[in-house]
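Only the shape, not the letters, is given here:
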């Protein structure tokens, strides 16, 4: 069984910073792509940032220059460093990872439970 657990959300003022963490645990054989998505009320879930197993990074245009994604493969953890936060960044942030579990001979996508980020004065 594999699960993703996120932490680090909260309330922050405009211009502030937050760091989100997401750790994968369980019977993991390997982890390929890891990423962060967000979903605001009444809107679809969109990609924020993603990082491949080889370290290639992709960002949504709306967060380029403000957010940074990184991963620690030894800890099965992906981070999202968010700077210069804006009210429009308010959303539930979800971690996603493509994982091959020890007991399953195929890679599948897993989601975290989500963590709320609210940017407001």
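Okay, I see it. All values reported here derive from a predicted model rather than from experimental measurement.

Test my guess that residue 109 contacts residue 96.
Yes. In terms of CB atoms under 8 Å, residue 109 counts as a neighbour of residue 96; the distance is 6.1 Å. Where C-beta positions appear, they are placed from N, C-alpha and C, glycine not excepted.

Looking at those two, which has the bigger crowd around it?
residue 96 (20 against 11; other CB atoms under 10 Å).

give me every residue that touches the most centrally placed residue in the chain.
For the chain, the residue nearest the mean C-alpha position is residue 36 (2.7 Å; CA atoms, centre = their mean). Listed by CB atoms under 8 Å, 6 or more residues apart in numbering, the contact partners of residue 36 are 20, 22, 47-50, 69, 78, 80, 93-96.

is it fair to say residue 99 lies in a strand?
Yes. With DSSP: H, G, I helix; E, B strand; the rest coil as the criterion, residue 99 is part of a strand.
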